[in-house]
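J.: just a sequence and a predicted model for now, questions to come.
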Amino acid sequence: MNYIEQINKFVKVIQKHENINVMVKNITSDTILYNYQENNIFVSASIIKVPIMLAILNYVLNSDIKLDSYINIDKDDILSDNKCFKKEIYQYSIEELITWMITVSDNSSTNVLIKYLGFEKINNYFKEIGLKDTKLERYMLDEEAINKGKNNYTSLNDMYKCFKYIINKEILTNEFCDLALSILYKQKVNNQINKYIKNIKFAHKTGSLEYLNSDVGIFELNKQIYFIGISVYDTPEKNGDRENVGRLSEIIYKYILEQNLLCSS
């Protein structure tokens with residue numbers, strides 16, 4: 001059984017119990033290696049923090065503020081799952097907040113940045129860069145908004161665009177794209193796509209809520225840049241299905257290795 005057959009078999013088994021979307025592409029050659037339901041729109045959880053980062057960087061680029069400009073934090077901005085804000089310190093730089101939003105998925109930092117720029121400006125930027133399926137409707141951990149039918153959405157197609165824009169420097173400036181990439185490479189949450197792939201440097205963002213989890217990102221192999229995006233939702237377990245995302249990604253990585261060797265030989 002070749003790797004594509006293994007991937008198809010694994011995906012079909014998962015699809016029996018939950019919904020799964022998969023996208024695997026060579027960004028360098030803009031070649032599709034594997035797709036499954038990549039057009040589906042799903043609840044984004046924290047992977048929407050990638051385009052939020054791009055929207056904030058774009059605002060910095062086109063305004064008088066700088067990355068080291070400080071934002072004042074209200075006590076009410078600090079959520080119960082706060083990972084980064086220190087006691088009695090209510091001022092942090094934009095770059096600090098962006099870094100925490102991505103590397104440890106800090107929701108307090110994210111909400112401060114959303115509040116700072118505003119939903120309208122953030123969503124307008126998503127449209128400006130061609131993200132057709134990505135929409136920010138609520139703050140992180142806003143259960144009241146969720147109960148009113150509001151949520152945040154995206155697709156693997158849109159996530160691919162974000163990483164392609166960054167790596168090809170198609171948006172912002174070269175310096176800001178390099179900054180965004182360096183922050184993504186510092187990701188500290190590694191319990192999905194690269195859970196069983198230890199020999200790659202993976203720039204990515206994970207996301208999870210009850211009954212769903214996703215991971216999207218890129219890595220370099222022999223001067224080729226590859227994108228992997230996987231989302232699962234409506235999972236049987238409340239904590240999602242990180243294990244199957246990790247196992248599937250391991251097979252996908254072996255397939256990419258095989259294709260890379262074939263292309264270089």
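T.: All right, it came through fine.
J.: helix, strand, or coil at residue 180?
T.: Following DSSP: H, G, I helix; E, B strand; the rest coil, residue 180 is assigned to helix.
J.: my error: substitute residue 105 in the last question.
T.: With three-state DSSP as the criterion, residue 105 reads coil.
J.: look up phi and psi at it.
T.: For residue 105, the backbone dihedrals are phi 60, psi 40 (criterion: degrees, to the nearest 10).
J.: so it is in contact with residue 191, correct?
T.: No. In this structure, residue 105 is not within contact of residue 191 by C-beta atoms under 8 Å, at 11.4 Å. No exception for glycine: its C-beta is placed from N, CA and C like everyone else's.
J.: what residues do the two have in common as contacts?
T.: Listed as contacting both residue 105 and residue 191 by C-beta atoms under 8 Å, 6 or more residues apart in numbering are residue 206.
J.: more crowded one of the two?
T.: residue 105 (23 against 14; other C-beta atoms under 10 Å).
J.: now do the helices in this protein.
T.: Along the chain, counting by DSSP state H, helices occupy 3-15, 49-61, 94-103, 107-117, 119-128, 143-147, 156-168, 174-185, 242-264.
J.: I'd like to know which elements the fourth one is packed against.
T.: The one in question is helix 107-117. Applying 3 or more C-beta pairs under 8 Å, 6 or more residues apart in numbering; DSSP states H and E, we find helix 107-117 packed against helix 49-61, strand 70-72, helix 94-103.
J.: mean pLDDT lowest where, among those?
T.: Least confident of the helices and strands packed on helix 107-117, judged by mean pLDDT, is strand 70-72 with a mean of 93.
J.: partner strands of that one and their direction?
T.: strand 91-93 (antiparallel) (DSSP bridges).
J.: figure out which of the helices and strands packed on helix 107-117 is closest to residue 157.
T.: For these, proximity to residue 157 was assessed by C-beta to C-beta; helix 49-61 is nearest, at 12.5 Å.
J.: contacts for the closest one next, please.
T.: Taking C-beta under 8 Å, 6+ apart as the rule, helix 49-61 contacts 65-67, 69, 94, 98, 101-102, 105, 110, 113-114, 116-117, 121-122, 125-126, 129, 131, 134, 136, 154, 158-159, 162-163, 165-166, 171-173, 176, 179-180, 183-184, 205, 207, 216.
J.: buried set for it?
T.: 49-60 (16 or more other C-beta atoms under 10 Å).
J.: one step back: what's the closest of the helices of the chain to residue 41?
T.: That would be helix 156-168 among these, by C-beta to C-beta, at 8.9 Å.
J.: how about residues contacting that closest one?
T.: Residues contacting helix 156-168 (C-beta under 8 Å, 6+ apart): 21-23, 25, 27, 30, 38-40, 47, 50-51, 54, 129-134, 170-171, 177, 180-181, 184, 203, 216-218, 225, 227, 229, 231.
J.: selecting buried members of the residues you listed in PyMOL, what would you type?
T.: Buried residues within the contacts of helix 156-168, by 16+ other C-beta under 10 Å, are selected in PyMOL with:
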select buried, resi 21+22+23+25+27+38+47+50+51+54+129+131+133+134+171+177+180+181+184+203+216+217+218+225+227+229+231
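J.: list the residues that contact the residue nearest to residue 115 when sequence neighbours are not counted.
T.: Using C-beta to C-beta, 6 or more residues apart in numbering and skipping the chain neighbours, the partner closest in space to residue 115 is residue 77 (7.1 Å). Applying C-beta under 8 Å, 6+ apart, we find residue 77 in contact with 108, 111-112, 115.
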